[in-house]
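Undergrad: Quick check, what structure comes out for this input:
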Amino acid sequence: MGACFVVLLPRVSIAGRFVLRTPRSLKTVVTFLTLRRRNIYGQRTPLQLLMVEKIKLLVDKIDTPIGEFIIVADEEGNLRALDWSSHEARLHKLLARYCAGFTLAPTRNPYGFADVMNAYFSGETQAIDKLPVRFGGTSFQQRVWTELRSIVCGITISYSELARRIDLPNAVRAVGLANGSNPLSVVVPCHRVIGANGNLTGYGGGVERKRWLLAHEGNPQIFYLKENEMQKSNLDAAKKFRHLHTGETLVLANAWDAGSARLIEAAGSKAIATTSAGLAWSNGYADGDRLPSHLLVSAVAAIARVIKVPLTADIEGGYSDDPSSVADLIDQLIDAGAIGINIEDGAESVEMLCAKIEAIRERVTRQGADLFINARTDVYLRGLASTDQRVSETLRRAEIYKSAGADGIFVPGVSQSAEIQVLCEKITLPVNVMAVPSLPALTELNALGVKRLSAGIAISIAVLGEAQRLARAFLESGNSPDLFTPNTLNYQAMNAMF
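TA: Sure thing, here's the model as predicted:
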């Protein structure tokens, strides 16, 4: 027999059946959602959940200088969601998250909201200040979104300043997450929050739209001057990184957070590359395209803040099957400080990775920026071809990825000298290999023509393994001296790096 879970509402009478008395204004429709839970024996059993809010939402669309804009309102005259048509799937996802149930009814200019938004985009930027909104979300998210509306048009603040304004100065990351979950674009002006260093950082509608909105609301001349300075910095760093692939083998000890990146830079690294697995683990996620992309952007921005050498980020498969969405992510990563990426084919088709590379290259070129695209093929790592076909299959993919716009080819898993030599001779882009136990020494790799050697997950997993060993020993013995070995990095040395 299934357990019954009931949400109790004011003035609810239960006597064999449900009798609900709710305000008529809610236009409440009662629905039942059957879920599953495990009983005390581990068996899955039905769980009935009473859901009490299913509302009719009015939707309209308007044309703006930066794309078609969707307006969603409820029948009480409150805005519920605002977003760009190019991100309509995200709008529906946020509505589903913040409303127990809803239907969408196309409605021309509901409550005059389309007129007000048109006025804003025409230059009356104060027109949106008093628009009525209704939030879903948690109480913390609502605090953040309410505070966002207090940011004066033409002004920008940092995430840390936003956290301070809600009296939670240590909640900068949580504030950033709430900012990224804002369902009311423009009217709840999350675009007015930028990085502490002046970088635009991410924006759900894309960095180009954020740039336009800020210029529209403020002083375009001053704002674009800052952007030109950032663009020059990007081009200089990317040029330096490209040059590092022209001489002897570039060795990269992959970092997983800002602290490890700074440590690796201090050890003499000429550039910093991230490890997708290590970075995912450090954020509490498994490897394999499971890390939320906004956490990747946040981590890249944190790393860029503490290093001076070029930074390249591993973005796995781009965290989306949509090439345009991957290009949007690249906008955010470039703004965060990355000048290079690794993007992989993995289990996807060659055509899919090509589409992503082409979208990235087109977006980067349009922005006047530069990005070193290191196309990773998993022919060896995933066994995508038989032993006698893996060289030829890697060469085939490398040529296709080059045509799509790749700057380098990453072949993790290859370790035999003869195969590495063939790859380096026939691939006309810089070849990148990854550290594995059977890989030849650096001197031989250099002679074979390898232009880049990556540690991959090796260092991060070794560090975590040592942390596990120390933790277990300490938990078992409580012996403090065992924690302090002669080669332990001391507090003063580490603290001095920042």
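
Undergrad: So P169, which state does it fall into?
TA: What DSSP: H, G, I helix; E, B strand; the rest coil gives for P169 is coil.

Undergrad: Contact partners for it?
TA: By C-beta atoms under 8 Å, 6 or more residues apart in numbering, P169 lies in contact with S160, A163. Where C-beta positions appear, they are placed from N, C-alpha and C, glycine not excepted.

Undergrad: ok, now V306?
TA: Listed by C-beta under 8 Å, 6+ apart, the contact partners of V306 are A258, A261, R262, M497, F498.

Undergrad: and these, which are buried?
TA: Buried by 16 or more other C-beta atoms under 10 Å: A258, A261, R262, out of the contacts of V306.

Undergrad: Now that we have those, can you turn them into TSV and tack on secondary structure, pLDDT and distance to L395?
TA: Below are the buried ones among the contacts of V306 laid out as TSV (DSSP: H, G, I helix; E, B strand; the rest coil; pLDDT from 0 to 100; distance: C-beta to C-beta, whole Å):
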residue	secondary structure	pLDDT	distance to L395
A258	helix	95	38
A261	helix	97	33
R262	helix	96	38
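
Undergrad: Return the closest of the contacts of V306 with respect to P292.
TA: A258 (17.9 Å; C-beta to C-beta).

Undergrad: Now do the SS call for S325.
TA: S325 - assigned by three-state DSSP - is helix.

Undergrad: Return the residues in contact with it.
TA: The neighbourhood of S325, defined by C-beta under 8 Å, 6+ apart, consists of G318.

Undergrad: coming back round to it: mind picking the two most distant members of the contacts of V306?
TA: A261 and F498 (11.2 Å).

Undergrad: where in the stretch 1-150 of the chain is pLDDT low?
TA: For the stretch 1-150 of the chain, the stretches with pLDDT under 70 are 1-53.

Undergrad: All the strands of it, residue numbers only.
TA: Secondary structure of the stretch 1-150 of the chain by DSSP state E, counting those that start in this stretch: the strands cover 3-5, 13-14, 18-19, 31-38, 44-51, 54-62, 69-74, 79-84, 101-106.

Undergrad: Now distance to R382 too, for the contacts of V306, in CSV please.
TA: Listed next are these as CSV, based on distance: C-beta to C-beta, whole Å:
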residue, distance to R382
A258, 31
A261, 28
R262, 33
M497, 37
F498, 39
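
Undergrad: For the spatially closest residue to L263 that is not a sequence neighbour, give me phi and psi.
TA: Excluding its sequence neighbours, the residue lying closest to L263 (C-beta to C-beta, 6 or more residues apart in numbering) is M497, at 6.8 Å. Main-chain dihedrals, M497, degrees, to the nearest 10: phi -80, psi -10.

Undergrad: got the contact list for the residue most central in space within the chain?
TA: Nearest residue to the geometric centre of the chain (C-alpha atoms, centre = their mean): S293, 1.7 Å. Counting by C-beta under 8 Å, 6+ apart, S293 touches Y319, S320, L329, Q332.

Undergrad: if you set the cut-off to 6 Å instead, what comes out?
TA: Y319, L329 (C-beta atoms under 6 Å, 6 or more residues apart in numbering).

Undergrad: ditto for I341
TA: Applying C-beta under 6 Å, 6+ apart to I341 gives the contacts A313, I315.

Undergrad: part of a strand, is it?
TA: Yes: under three-state DSSP, I341 falls within a strand.

Undergrad: let's have the chain start at 455 instead
TA: That works, and once the first residue is 455, the last one we named lands at I795.

Undergrad: Give the bridge partners for the nearest residue to G659 once chain neighbours are set aside, please.
TA: Closest residue to G659 apart from its sequence neighbours, by C-beta to C-beta, 6+ apart: W538 at 5.0 Å. In this structure, W538 bridges to F523 when assessed by DSSP bridges.

Undergrad: quick one: G722 from I795, how far?
TA: For G722, the distance to I795 equals 23 Å [C-beta to C-beta, to the nearest Å].
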